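Chemist: just to be clear, the model below is a prediction. Sequence and coordinates:
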Amino acid sequence: MKASTSHTIYKQHDSHCSTPQLVLLLCDGAIRYAREAAEHMRAGRWEQKGIAVDAAYSCIAELRNTLDHQQGGELVSNLDKTYDLLSTKLTLANTNRDPEQLVQIADSITTIRASWKELFDRLAKEGKLQDKDIKPKTLDPVL
């Protein structure tokens, strides 16, 4: 799955997906696929592990693509570096067959997702986002 296709899959599922929803969905996908990759790795299901790693990588790559470098300043720069580091760690975990590293990646993205959600909730409270723009959507993208 190429990085650009993860966004397409998510957007095709619901054409009314807001940017905040997309960010949360991509985080959810990265978390899910990193954990699935760890499970497949532990079980020796190498093909499924590879698919899950690729999907997690695509979600992280698309999270990087959602960053607005014109508006975000140092925060966006730091997030970009964090996403880059997570991608590198994902590659190393895959290469070294380290399922615990995959779980740590999922945990890191869980923390990032919570921060995004907190920001979106605050912006909604301030009237800068509508509640409907941050309501979670459920999605099971097809790889």
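Modeler: Good, I have the coordinates.
Chemist: show me which positions of the helix or strand hosting residue 61 end up buried.
Modeler: Using DSSP states H and E, the element containing residue 61 is helix 46-66. Neighbour-count burial for helix 46-66 flags 49, 51-64 (criterion: 16 or more other CB atoms under 10 Å). Where you see a C-beta, it was placed from the backbone N, CA and C, and this is true even at glycine.
Chemist: next, give phi and psi for residue 45.
Modeler: Torsion angles at residue 45 (phi, psi; degrees, to the nearest 10) stand at phi -90, psi 80.
Chemist: check contacts around it.
Modeler: Residues in contact with residue 45 (CB atoms under 8 Å, 6 or more residues apart in numbering): none are found.
Chemist: run a quick neighbour tally on the nearest residue to residue 103 once chain neighbours are set aside.
Modeler: Counting by CB to CB, 6 or more residues apart in numbering, residue 38 is the residue found nearest to residue 103 once chain neighbours are left out, at 5.2 Å. Look at residue 38: counted by other CB atoms under 10 Å, it has 24 neighbours.
Chemist: so where does residue 38 fall, helix or strand?
Modeler: For residue 38, the host element (DSSP H and E) is helix 19-43.
Chemist: ok, now residue 110?
Modeler: helix 99-125.
Chemist: helix or strand: which one has residue 82?
Modeler: Per DSSP H and E: helix 69-95 holds residue 82.
Chemist: centroid-nearest residue for this structure?
Modeler: With distances taken as CA atoms, centre = their mean, residue 27 lies nearest the centre of the chain, 3.0 Å away.
Chemist: and that residue, how close does it get to residue 121?
Modeler: With distances taken as CB to CB, to the nearest Å, residue 27 is found 15 Å from residue 121.
Chemist: on that earlier part again, okay, the angle between the helix holding residue 82 and helix 46-66?
Modeler: 170 degrees (axes from the mean of the first three to the mean of the last three CA atoms, to 10 degrees).
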